[in-house]
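Student: generate coordinates for the sequence data below:
(chains A and B)
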Amino acid sequence: DAKTTQPPSMDCAEGRAANLPCNHSTISGNEYVYWYRQIHSQGPQYIIHGLKNNETNEMASLIITEDRKSSTLILPHATLRDTAVYYCIVRVWRAGANSKLTFGKGITLSVRP
Amino acid sequence: EAGVAQSPRYKIIEKRQSVAFWCNPISGHATLYWYQQILGQGPKLLIQFQNNGVVDDSQLPKDRFSAERLKGVDSTLKIQPAKLEDSAVYLCASSLAILGQGVYGYTFGSGTRLTVV
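Tutor: Have a look, this model is predicted:
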């Protein structure tokens, strides 16, 4: 079973920041937080991951609370093309049988014009 | 770099027929995964290969599903016979997993949409 909980949906206005929350209260010390998104009719796409420090890349920022029990994915300037299902996943970094990604239902982000 | 290639893109079959899906991972990626995604749900892992060996097939319905990766490169997933509940998108993913280190470049293909009627 997925180790994360996300609200089922949210929306935001185009050009505004989208803040997508995720709870992972049972996360282990060696587990990372990953975010993927799935645009309609495509496979999931990697966005960002982190362990305990905040991370930023060209797509998004990831804010992880100090106790690591929750995180927020931030899309700073949402566009219509960001409309997708966003999955928050926790997983160990080390290669092996547990390197698979276990998906929940994700959160559906709708960006409105 | 080229992505994960899957074919066919769409397939419609009648129940009790058989079907096969093909996946070619990113060059150099030793780990290959097959996922099933039913409408409205997140992808569910069916099987994971490391080179040509099976690492995890605990959620593969082995009475009707089979998968192989004979040369450690491309892979085939087969369903025989198909049931109505097998209607889903079948996603292939690959990654570079370095033993004792991390998992890099976990990338998905666009999937095969199967409709069983």
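
Student: pLDDT below threshold where in the chain?
Tutor: No chain specified, so I'll use chain A. By pLDDT under 70, the low-scoring segments of chain A are A:1-2, A:95-98.

Student: wait, I meant chain B there
Tutor: Under the criterion pLDDT under 70, the flagged ranges of chain B are B:1, B:99-101.

Student: in it, which strand has the most residues?
Tutor: For chain B, the strand with the greatest residue count under DSSP state E is strand B:88-97.

Student: now that strand: how far from the chain's centre is it?
Tutor: Its chain's C-alpha centre and that of strand B:88-97 lie 6 Å apart, by CA atoms, centre = their mean, to the nearest Å.

Student: close to chain A: what parts of chain B are there?
Tutor: Contact residues (CB under 8 Å from any CB of the partner chain) of chain B with chain A: B:4, B:31, B:33, B:40-45, B:48, B:55-56, B:91, B:93, B:95, B:97-103, B:106-111. Glycine gets a C-beta too; all of them are placed from N, C-alpha and C.

Student: the next helix or strand after the longest strand of chain B vs strand B:88-97, what angle?
Tutor: Secondary structure here is assigned by DSSP states H and E; on that basis, the next helix or strand after strand B:88-97 toward the C-terminus is strand B:103-108. Computed with axes from the mean of the first three to the mean of the last three CA atoms, to 10 degrees, the direction of strand B:103-108 lies at 160 degrees from that of strand B:88-97.

Student: run me through the strand neighbours of strand B:103-108, direction for each.
Tutor: Paired neighbours of strand B:103-108 in the sheet (DSSP bridges): strand B:88-97 (antiparallel).

Student: what parts of chain A come near chain B?
Tutor: Residues of chain A lying near chain B (CB under 8 Å from any CB): A:2, A:41-46, A:85, A:87, A:93-97, A:99-106.

Student: narrow those residues to just the buried residues.
Tutor: The neighbour-count test (16 or more other CB atoms under 10 Å in any protein chain shown) applied to the residues of chain A next to chain B identifies A:2, A:43-44, A:46, A:85, A:87, A:95-96, A:99-104, A:106 as buried.

Student: what's the distance between the residue nearest to A:Trp93 when sequence neighbours are not counted and B:Ala88?
Tutor: Leaving out its chain neighbours, the residue that sits closest to A:Trp93 by CB to CB, 6 or more residues apart in numbering or on different chains is B:Gly102, at 4.7 Å. B:Gly102 sits at a distance of 30 Å from B:Ala88 (criterion: CB to CB, to the nearest Å).

Student: cool, thanks, signing off.
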